[in-house]
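K.L.:
With the sequence up front, the predicted model follows.
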Amino acid sequence: MIRRFEGRLPWLDIAGLATAGLVNTFLALLVAGVVLAPGTSAQQPDLVVRAGWIDGHVLRWQLGWLFWFVVTLSFAWSYFALGRHLKADPPWPALAMGVALVAAAVDLVGVLVYVTVLPELAGAVVGSTAGGYATVAAVLRSAENLAYALTNVVAFGMYTLAGLLLLPAAFGTVRYPRWLAWLGTAEWGISLIATALLVLAPDVALGPMLVGFALYAPWVWGSAWWLTREARAA
């Protein structure tokens, strides 16, 4: 499969996998846990305090979520960077790439809600009168729920489905290391559990999600190593 490169390293795909591992397993968790956390319901359940923090840190909030464009695009690219080097018949990789592309689109819509809508609503909550507070607070909660559903439930679930769709091709590619295929199985299997928990029991979904993120970097970095080795052997 790799031999079409005729001895040349597929640098773009290798770089894409390496970047995706760094961004999605390490930088994304750093941004989520440090930059954005004070404005999220997970860390600050009090709506008024949360809205006040967002309103007082609009630039930090928006830059943090704009970084999610890098997270989303690098994550989606990793499916293409790996999938096009796996066994293409039956066309599981092509289907996985399509699902990942749709997931990225959904993810970015949710990110845009965080970037553009929530700061405005947070400012409205902070500046609301006693009579109007209930209305703007309800709208803010609705916007938060929408953004959360798009990014953490729908997009995450579709990314998980795309990862699962890559597994038959991974096992069907003779030269793809079996330990990497099994690592991918563990990652996407745990992510599937996390997806179900996000719908049924969101309070306990964080643990499996973090395990899935922790396994992602070794999987894509191992795949980048495989691409490098195969191209050099061609």
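P.N.:
Looks like it came in fine.

K.L.:
excluding its backbone neighbours, what's nearest Val109?
P.N.:
Leu150 (5.6 Å; CB to CB, 6 or more residues apart in numbering). The C-beta positions use only the backbone N, C-alpha and C, and glycine is treated the same way.

K.L.:
was I right about the one you found contacting Gly110?
P.N.:
Yes: contact criterion CB atoms under 8 Å: Leu150 and Gly110 qualify, at 3.1 Å.

K.L.:
ok, back up a step: if you tally nearby residues, what's the number for the residue nearest to Val109?
P.N.:
The number of residues packed near Leu150 is 21, by other CB atoms under 10 Å.

K.L.:
quick one: it from Ala20, how far?
P.N.:
Going from Leu150 to Ala20 by CB to CB, to the nearest Å gives 21 Å.

K.L.:
can you give me the helices in this structure?
P.N.:
Per DSSP state H, the chain carries helices over the ranges 11-22, 28-30, 47-56, 58-83, 92-112, 118-126, 133-148, 156-172, 178-200, 206-233.

K.L.:
can you pull the buried residues of the last one?
P.N.:
I take that to be helix 206-233. Going by neighbour count (16 or more other CB atoms under 10 Å), the buried part of helix 206-233 is 208-209, 211-213, 215-217, 219-224, 226-228, 230-231.

K.L.:
surely Asp107 meets Ala149?
P.N.:
No: counting by CB under 8 Å, Asp107 does not reach Ala149; the two are 11.4 Å apart.

K.L.:
more crowded one of the two?
P.N.:
Counted by other CB under 10 Å, Asp107 and Ala149 do not tie: Asp107 has more neighbours, with 25 against 16.

K.L.:
How about the contacts made by that one?
P.N.:
Applying CB atoms under 8 Å, 6 or more residues apart in numbering to Asp107 gives the contacts Trp68, Thr72, Leu150, Thr151, Ala155.

K.L.:
Which residue, other than its chain neighbours, is closest to it?
P.N.:
Asp107's closest residue in space is Ala155 (CB to CB, 6+ apart), at 3.7 Å.

K.L.:
How many neighbouring residues does that neighbour have?
P.N.:
When neighbours are counted by other CB under 10 Å, Ala155 registers 25.
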